[in-house]
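S.K.: Structural data only, the sequence is not supplied:
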C-alpha cells in the first residue's frame, strides 16, 4: 500500500499470537528480570488475589507493536504513538488477535497522520485491550524490521 | 480526614511531580534477541516494551508501600534502541486521580541513549494498591472471578 491509500474504515492486517505460560514467564525476564510475580508464578498470583497467573499488559502491547510495525513500517517505528487500556484478563492458552482500524486521516505538524482504533481480542471475540494509535502514512521503509513484510492491503 | 481519604492514605502522600530519579542500563544483544524470541517477532523494534521503564522507576522508590498494577499504557516512540548502547531513563509522577472509587497513579518515564537519542516516552496507568492492605489484583478477581 502506498502512502495516502488508507481510508477511514480500513482494517489493518491483524496479528494472531498464542499466549503460552512459558512465554509469560520468559517475558518477565526480558531486558530486566522482574523476578517472580503474578504473571509468572501461581503462588504470587494467589497472594495478589487471583487464582491463576495472568499475562502482563505489556504482552498485549508487544502484539500491538507488531501489528503497527507490519502495517506502517518506519512510519510507526519513528514517531508512533499508542494509548491502550487493559480491560480483560489474558491467560496462558488464550489466542489473541491484534487489530487496527483507521478512524481519521489528518495532518499533524504539517505531516500526514493516520489515527487508528486498536485492540486485542481473545479467541471468544472478547476485547482484552483497547485504545488508539497514531502513525504517519504507511512507509515502505523498514529499517528496523523485516524488509519482506508488506504493509496492509 | 474523611473515611474515603484515609482509604487512600499512601496514595495521598505521593505528590504529583514527584521526581523518581534516573536509572540506566546497557541494552545488550542478548536482551534484544530474548525479547524478539519471546514475543515471536524476530524484528521487534522496541524491546523496551518489556523493560517497563515507568514501573521500574516507581518501584525503586515506592515498592515497600505501593503496587501499581498496569491498567494501561500511553507511549510515544521516537528512535528504536540500539543494542550495546546505555539507556538512561528518568521519570516522575505525572498525575493521579480517583475514578469509580479507585485511586490511580500515572507514572511517566523518558528513555534516552548514551548518544542523546530520544528513544521513547511512556506513561503507566497504575491502579494504586497499598502494600499490606489491598491485594494487587483483587479488582480482577472481583470483576471477572479470576
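M.R.: Happy to help now that I have it. Just so we're clear, the structure is a prediction, and the values are computed from it rather than from any experiment.
S.K.: remind me which residues of the chain are low pLDDT?
M.R.: Picked chain A for this. Regions of chain A meeting the criterion pLDDT under 70 cover residues A:1-4, A:144-153.
S.K.: actually chain B
M.R.: For chain B, residues meeting the criterion pLDDT under 70 lie at B:1-6, B:141, B:144-146.
S.K.: need the longest strand for it.
M.R.: Of all the elements of type strand in chain B, the one with the most residues (DSSP state E) is strand B:86-99.
S.K.: That strand - which strands sit beside it in the sheet, and in what orientation?
M.R.: Strands flanking strand B:86-99 in the sheet, each with its direction: strand B:19-26 (antiparallel), strand B:102-113 (antiparallel) (DSSP bridges).
S.K.: mind listing the strands for chain A?
M.R.: Taking DSSP E to define them, one finds strands in chain A at A:15-18, A:81-86, A:95-108, A:111-121, A:127-136.
S.K.: now do chain B
M.R.: B:19-26, B:66-67, B:70-77, B:86-99, B:102-113, B:118-127, B:129-130.
S.K.: For these, give me JSON lines that also has mean neighbour count.
M.R.: C-beta: built from backbone N, CA, C; applies to glycine. What follows is these, written out as JSON lines (neighbours: other C-beta atoms under 10 Å in any protein chain shown):
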{"stretch": "strand B:19-26", "mean neighbour count": "14"}
{"stretch": "strand B:66-67", "mean neighbour count": "22"}
{"stretch": "strand B:70-77", "mean neighbour count": "21"}
{"stretch": "strand B:86-99", "mean neighbour count": "17"}
{"stretch": "strand B:102-113", "mean neighbour count": "21"}
{"stretch": "strand B:118-127", "mean neighbour count": "22"}
{"stretch": "strand B:129-130", "mean neighbour count": "19"}
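S.K.: between the ones you listed, which gets nearest to residue A:73?
M.R.: Between residue A:73 and the strands of chain B, the shortest separation by C-beta to C-beta is 12.9 Å, and it involves strand B:70-77.
S.K.: and the angle for the closest one with strand B:118-127?
M.R.: Per axes from the mean of the first three to the mean of the last three C-alpha atoms, to 10 degrees, the angle that strand B:70-77 makes with strand B:118-127 is 160 degrees.
S.K.: and residue 54, what does it touch?
M.R.: Went with chain A since none was named. For residue A:54, the contact set (C-beta atoms under 8 Å, 6 or more residues apart in numbering or on different chains) comprises A:38-39, A:45, A:89-91, B:137, B:140, B:146.
S.K.: Hmm, no, I was thinking of chain B.
M.R.: When contacts are counted by C-beta under 8 Å, 6+ apart, residue B:54 touches B:91, B:107-109, B:122-124.
S.K.: Try it again at 6 Å.
M.R.: Residues in contact with residue B:54 (C-beta atoms under 6 Å, 6 or more residues apart in numbering or on different chains) are B:91, B:107, B:109, B:122, B:124.
S.K.: And residue A:8, by the same measure?
M.R.: Shown here is residue A:8, whose contacts under the criterion C-beta under 6 Å, 6+ apart are residue A:102.
S.K.: go with 7 Å
M.R.: Contacts for residue A:8 (C-beta atoms under 7 Å, 6 or more residues apart in numbering or on different chains) come out as A:102-105.
S.K.: repeat for residue A:30
M.R.: So, once contact is read as C-beta under 7 Å, 6+ apart, residue A:30 ends up touching B:31, B:34-35, B:38, B:47, B:50.
S.K.: what about 6 Å?
M.R.: Residue A:30 makes contact with B:34-35, B:38, B:50, according to C-beta under 6 Å, 6+ apart.
S.K.: Same list, those, but as a markdown table with neighbour count please.
M.R.: Putting those into a markdown table (neighbours: other C-beta under 10 Å) gives the following:
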| residue | neighbour count |
| --- | --- |
| B:34 | 18 |
| B:35 | 24 |
| B:38 | 23 |
| B:50 | 25 |
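S.K.: Adding distance to chain A, write those out as CSV.
M.R.: Rendered in CSV, the data for the contacts of residue A:30 read as follows (distance: C-beta to the nearest C-beta, whole Å):
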residue, distance to chain A
B:34, 5
B:35, 4
B:38, 5
B:50, 4
